[in-house]
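In: Would you be able to build a 3D model of this:
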Amino acid sequence: MAKLLIILSILFLTLSAGFGVLNTTNTRSLRELTEKTETARAQAEQRRLASEKEIKTRDAAAAASATKASNTESKVASSEADLIRSQTEKSELQAKLRENQTQMTEMQARLEEMSAKEHMPDALPMPGAGDLQAQLEDTRRQLDSAEREKQLLSDRIQKTESRAAQGPQQRVARAPKPGIRGTVLAVNQAYNFVVLNLGNRQGVEANTEMLVLRGGTPIGKIRVSSVEPATAIGDIVSSSLARGVQVQPGDIVVYAGSSS
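Out: Numbering: from 1, shown residues only. Next comes the predicted model:
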(Lines give C-alpha, C1' and ligand atoms only; values in the text may rest on other atoms or scores of the structure.)
Protein backbone atom coordinates (compact mmCIF):
# COMPACT_ATOMS: atom_id res chain seq x y z
CA MET A 1 0.00 0.00 0.00
CA ALA A 2 2.78 2.41 0.89
CA LYS A 3 4.54 1.51 -2.33
CA LEU A 4 1.43 2.37 -4.33
CA LEU A 5 1.15 5.73 -2.63
CA ILE A 6 4.77 6.50 -3.42
CA ILE A 7 4.21 5.62 -7.08
CA LEU A 8 1.11 7.80 -7.27
CA SER A 9 2.94 10.67 -5.60
CA ILE A 10 5.77 10.38 -8.12
CA LEU A 11 3.24 10.30 -10.97
CA PHE A 12 1.45 13.38 -9.68
CA LEU A 13 4.75 15.20 -9.25
CA THR A 14 5.74 14.28 -12.81
CA LEU A 15 2.38 15.53 -14.15
CA SER A 16 2.70 18.72 -12.11
CA ALA A 17 6.18 19.36 -13.51
CA GLY A 18 4.93 18.72 -17.05
CA PHE A 19 2.00 21.11 -16.58
CA GLY A 20 4.39 23.68 -15.10
CA VAL A 21 6.71 23.47 -18.08
CA LEU A 22 3.74 23.67 -20.44
CA ASN A 23 2.33 26.71 -18.63
CA THR A 24 5.72 28.40 -18.69
CA THR A 25 6.02 27.78 -22.43
CA ASN A 26 2.49 29.06 -23.09
CA THR A 27 3.12 32.11 -20.94
CA ARG A 28 6.34 32.88 -22.79
CA SER A 29 4.60 32.45 -26.18
CA LEU A 30 1.71 34.61 -25.09
CA ARG A 31 4.12 37.30 -23.88
CA GLU A 32 6.04 37.22 -27.19
CA LEU A 33 2.78 37.41 -29.14
CA THR A 34 1.65 40.34 -27.04
CA GLU A 35 4.95 42.14 -27.63
CA LYS A 36 4.74 41.51 -31.39
CA THR A 37 1.17 42.75 -31.43
CA GLU A 38 2.10 45.91 -29.55
CA THR A 39 5.06 46.49 -31.88
CA ALA A 40 2.89 46.00 -34.98
CA ARG A 41 0.25 48.31 -33.51
CA ALA A 42 2.87 51.01 -32.78
CA GLN A 43 4.28 50.70 -36.30
CA ALA A 44 0.80 50.94 -37.82
CA GLU A 45 0.09 54.03 -35.74
CA GLN A 46 3.36 55.62 -36.88
CA ARG A 47 2.51 54.87 -40.51
CA ARG A 48 -0.96 56.34 -40.03
CA LEU A 49 0.43 59.53 -38.49
CA ALA A 50 3.05 59.82 -41.25
CA SER A 51 0.36 59.32 -43.90
CA GLU A 52 -1.89 61.96 -42.31
CA LYS A 53 1.05 64.38 -42.13
CA GLU A 54 1.88 63.75 -45.78
CA ILE A 55 -1.75 64.29 -46.79
CA LYS A 56 -1.92 67.54 -44.82
CA THR A 57 1.35 68.73 -46.37
CA ARG A 58 0.09 67.88 -49.87
CA ASP A 59 -3.24 69.61 -49.23
CA ALA A 60 -1.46 72.70 -47.90
CA ALA A 61 0.83 72.77 -50.95
CA ALA A 62 -2.17 72.40 -53.28
CA ALA A 63 -4.02 75.20 -51.48
CA ALA A 64 -0.95 77.45 -51.67
CA SER A 65 -0.54 76.67 -55.36
CA ALA A 66 -4.21 77.43 -56.03
CA THR A 67 -3.95 80.70 -54.11
CA LYS A 68 -0.80 81.65 -56.03
CA ALA A 69 -2.47 80.82 -59.35
CA SER A 70 -5.53 82.86 -58.39
CA ASN A 71 -3.35 85.82 -57.39
CA THR A 72 -1.43 85.55 -60.66
CA GLU A 73 -4.66 85.49 -62.69
CA SER A 74 -5.93 88.52 -60.78
CA LYS A 75 -2.70 90.40 -61.45
CA VAL A 76 -2.82 89.49 -65.15
CA ALA A 77 -6.45 90.60 -65.41
CA SER A 78 -5.65 93.84 -63.60
CA SER A 79 -2.64 94.47 -65.87
CA GLU A 80 -4.71 93.87 -69.00
CA ALA A 81 -7.46 96.18 -67.72
CA ASP A 82 -4.88 98.90 -67.03
CA LEU A 83 -3.42 98.36 -70.49
CA ILE A 84 -6.86 98.70 -72.11
CA ARG A 85 -7.53 101.91 -70.18
CA SER A 86 -4.13 103.28 -71.20
CA GLN A 87 -4.72 102.44 -74.85
CA THR A 88 -8.19 104.00 -74.79
CA GLU A 89 -6.86 107.14 -73.13
CA LYS A 90 -3.99 107.30 -75.63
CA SER A 91 -6.35 107.02 -78.61
CA GLU A 92 -8.67 109.69 -77.20
CA LEU A 93 -5.73 112.01 -76.60
CA GLN A 94 -4.41 111.42 -80.12
CA ALA A 95 -7.83 112.20 -81.56
CA LYS A 96 -8.03 115.39 -79.49
CA LEU A 97 -4.52 116.31 -80.63
CA ARG A 98 -5.49 115.89 -84.29
CA GLU A 99 -8.58 118.03 -83.73
CA ASN A 100 -6.47 120.61 -81.93
CA GLN A 101 -3.98 120.75 -84.80
CA THR A 102 -6.83 121.24 -87.29
CA GLN A 103 -8.21 124.12 -85.23
CA MET A 104 -4.75 125.65 -84.99
CA THR A 105 -4.33 125.49 -88.77
CA GLU A 106 -7.68 127.20 -89.26
CA MET A 107 -6.87 129.89 -86.70
CA GLN A 108 -3.45 130.52 -88.23
CA ALA A 109 -5.10 131.00 -91.63
CA ARG A 110 -7.61 133.43 -90.10
CA LEU A 111 -4.80 135.22 -88.28
CA GLU A 112 -2.82 135.66 -91.52
CA GLU A 113 -5.93 136.92 -93.29
CA MET A 114 -6.66 139.43 -90.53
CA SER A 115 -3.03 140.55 -90.40
CA ALA A 116 -3.11 141.20 -94.15
CA LYS A 117 -6.24 143.33 -93.73
CA GLU A 118 -4.70 145.17 -90.82
CA HIS A 119 -1.67 146.23 -92.88
CA MET A 120 -3.58 147.44 -95.94
CA PRO A 121 -2.81 151.06 -97.07
CA ASP A 122 -4.46 153.78 -95.03
CA ALA A 123 -5.91 155.30 -98.19
CA LEU A 124 -8.33 152.43 -98.50
CA PRO A 125 -11.53 152.68 -96.49
CA MET A 126 -11.42 150.43 -93.40
CA PRO A 127 -14.90 150.17 -91.97
CA GLY A 128 -15.02 148.34 -88.67
CA ALA A 129 -11.26 148.59 -88.08
CA GLY A 130 -11.79 148.40 -84.32
CA ASP A 131 -13.77 145.15 -84.64
CA LEU A 132 -11.07 143.70 -86.89
CA GLN A 133 -8.40 144.52 -84.32
CA ALA A 134 -10.48 142.90 -81.57
CA GLN A 135 -11.02 139.77 -83.67
CA LEU A 136 -7.31 139.67 -84.43
CA GLU A 137 -6.40 139.79 -80.75
CA ASP A 138 -9.05 137.20 -79.90
CA THR A 139 -7.74 134.87 -82.61
CA ARG A 140 -4.20 135.28 -81.31
CA ARG A 141 -5.35 134.41 -77.79
CA GLN A 142 -7.18 131.34 -79.11
CA LEU A 143 -4.06 130.32 -81.03
CA ASP A 144 -1.89 130.66 -77.92
CA SER A 145 -4.42 128.62 -75.95
CA ALA A 146 -4.45 125.96 -78.66
CA GLU A 147 -0.64 125.84 -78.59
CA ARG A 148 -0.69 125.25 -74.83
CA GLU A 149 -3.38 122.58 -75.18
CA LYS A 150 -1.35 120.89 -77.92
CA GLN A 151 1.70 120.75 -75.65
CA LEU A 152 -0.41 119.43 -72.77
CA LEU A 153 -1.91 116.71 -74.98
CA SER A 154 1.55 115.74 -76.26
CA ASP A 155 2.83 115.43 -72.68
CA ARG A 156 -0.15 113.30 -71.67
CA ILE A 157 0.34 111.01 -74.68
CA GLN A 158 4.00 110.52 -73.75
CA LYS A 159 3.03 109.70 -70.15
CA THR A 160 0.38 107.24 -71.36
CA GLU A 161 2.89 105.53 -73.65
CA SER A 162 5.41 105.31 -70.80
CA ARG A 163 2.81 103.80 -68.49
CA ALA A 164 1.78 101.26 -71.11
CA ALA A 165 5.43 100.40 -71.73
CA GLN A 166 5.76 99.30 -68.10
CA GLY A 167 3.49 96.33 -68.83
CA PRO A 168 4.54 93.12 -70.59
CA GLN A 169 7.30 93.99 -73.04
CA GLN A 170 7.75 90.75 -74.89
CA ARG A 171 5.93 90.66 -78.20
CA VAL A 172 5.67 87.34 -79.98
CA ALA A 173 5.78 87.81 -83.72
CA ARG A 174 3.15 85.61 -85.32
CA ALA A 175 1.65 85.73 -88.75
CA PRO A 176 -2.08 86.57 -88.78
CA LYS A 177 -4.16 83.48 -89.33
CA PRO A 178 -7.41 83.40 -91.29
CA GLY A 179 -10.30 82.64 -88.96
CA ILE A 180 -8.75 84.32 -85.89
CA ARG A 181 -11.62 85.49 -83.66
CA GLY A 182 -11.95 88.00 -80.86
CA THR A 183 -14.36 90.32 -79.06
CA VAL A 184 -14.92 94.08 -78.93
CA LEU A 185 -14.12 95.17 -75.35
CA ALA A 186 -14.93 98.88 -75.61
CA VAL A 187 -16.22 101.37 -78.18
CA ASN A 188 -15.56 105.11 -78.39
CA GLN A 189 -18.23 106.51 -80.69
CA ALA A 190 -16.92 110.08 -80.37
CA TYR A 191 -13.56 109.24 -81.92
CA ASN A 192 -14.74 106.22 -83.92
CA PHE A 193 -12.45 103.50 -82.54
CA VAL A 194 -12.72 100.21 -80.62
CA VAL A 195 -10.58 98.16 -78.22
CA LEU A 196 -10.22 94.42 -78.97
CA ASN A 197 -9.21 91.48 -76.77
CA LEU A 198 -6.76 90.35 -79.47
CA GLY A 199 -3.15 91.41 -79.73
CA ASN A 200 0.32 90.58 -80.90
CA ARG A 201 0.22 87.22 -79.09
CA GLN A 202 -2.61 86.12 -81.38
CA GLY A 203 -0.78 87.38 -84.48
CA VAL A 204 -2.72 90.62 -84.96
CA GLU A 205 -0.74 93.35 -86.71
CA ALA A 206 -1.27 97.01 -87.57
CA ASN A 207 -3.30 97.67 -90.75
CA THR A 208 -5.07 94.34 -90.29
CA GLU A 209 -8.74 94.48 -91.24
CA MET A 210 -11.29 92.65 -89.09
CA LEU A 211 -14.89 91.83 -89.92
CA VAL A 212 -17.39 92.72 -87.19
CA LEU A 213 -20.08 90.06 -86.66
CA ARG A 214 -23.29 90.20 -84.66
CA GLY A 215 -25.34 87.05 -84.43
CA GLY A 216 -23.09 85.50 -87.05
CA THR A 217 -23.93 88.25 -89.58
CA PRO A 218 -21.27 90.76 -90.77
CA ILE A 219 -22.25 94.34 -89.87
CA GLY A 220 -19.04 96.22 -90.73
CA LYS A 221 -15.27 96.39 -90.65
CA ILE A 222 -12.51 97.85 -88.48
CA ARG A 223 -8.88 98.56 -89.33
CA VAL A 224 -6.31 97.89 -86.60
CA SER A 225 -4.22 100.99 -85.88
CA SER A 226 -2.07 99.90 -82.90
CA VAL A 227 -1.29 96.55 -81.28
CA GLU A 228 -0.23 95.49 -77.78
CA PRO A 229 0.59 91.94 -76.56
CA ALA A 230 -2.99 91.16 -75.46
CA THR A 231 -5.11 93.99 -76.90
CA ALA A 232 -5.43 96.14 -80.00
CA ILE A 233 -7.10 99.39 -81.08
CA GLY A 234 -8.94 99.60 -84.38
CA ASP A 235 -10.59 102.42 -86.31
CA ILE A 236 -14.18 101.78 -87.37
CA VAL A 237 -14.57 101.84 -91.16
CA SER A 238 -17.70 104.00 -91.23
CA SER A 239 -18.42 103.29 -94.89
CA SER A 240 -18.80 99.58 -94.09
CA LEU A 241 -21.66 100.12 -91.61
CA ALA A 242 -25.29 100.24 -92.66
CA ARG A 243 -27.25 103.36 -91.73
CA GLY A 244 -28.18 103.35 -88.05
CA VAL A 245 -25.87 100.42 -87.20
CA GLN A 246 -23.10 100.92 -84.64
CA VAL A 247 -20.34 98.63 -83.36
CA GLN A 248 -21.04 97.61 -79.75
CA PRO A 249 -19.06 95.92 -76.94
CA GLY A 250 -19.47 92.16 -77.21
CA ASP A 251 -19.52 92.08 -81.01
CA ILE A 252 -17.35 89.36 -82.54
CA VAL A 253 -14.43 90.22 -84.85
CA VAL A 254 -12.70 87.86 -87.30
CA TYR A 255 -9.54 88.30 -89.34
CA ALA A 256 -10.31 89.63 -92.82
CA GLY A 257 -6.84 90.46 -94.21
CA SER A 258 -4.25 93.25 -94.33
CA SER A 259 -4.76 96.62 -95.93
CA SER A 260 -1.60 98.17 -97.36
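
In: Could you list the low-pLDDT ranges of this protein?
Out: When residues are selected by pLDDT under 70, those of the chain lie in 100, 111, 114-133, 135-136, 139-140, 142-179, 257-260.

In: try 80 this time
Out: 1-5, 12, 16-23, 26, 61-179, 256-260 (pLDDT under 80).

In: Show the residue spans covered by the strands in it.
Out: Secondary structure of the chain by DSSP state E: the strands cover 181-188, 193-196, 208-214, 217-227, 232-237, 252-258.

In: Quick one: closest of those to Ser29.
Out: With C-beta to C-beta as the measure, strand 181-188 is the member of the strands of the chain nearest Ser29 (79.6 Å). Every C-beta, even on glycine, is put in place using the N, C-alpha and C of the backbone.

In: Arg214 and Ala95, how far apart?
Out: Separation of Arg214 from Ala95 (C-beta to C-beta, to the nearest Å) stands at 25 Å.

In: go on, Ile7?
Out: Going from Ile7 to Ala95 by C-beta to C-beta gives 131 Å.

In: Who has more neighbours out of these two?
Out: The neighbour comparison of Ile7 against Ala95 (other C-beta atoms under 10 Å) goes to Ala95, with 16 against 10.

In: How about that one: what's its closest non-neighbour residue?
Out: Tyr191 (3.9 Å; C-beta to C-beta, 6 or more residues apart in numbering).

In: Which residues are in contact with the one you found?
Out: By C-beta atoms under 8 Å, 6 or more residues apart in numbering, Tyr191 lies in contact with 91-92, 95.
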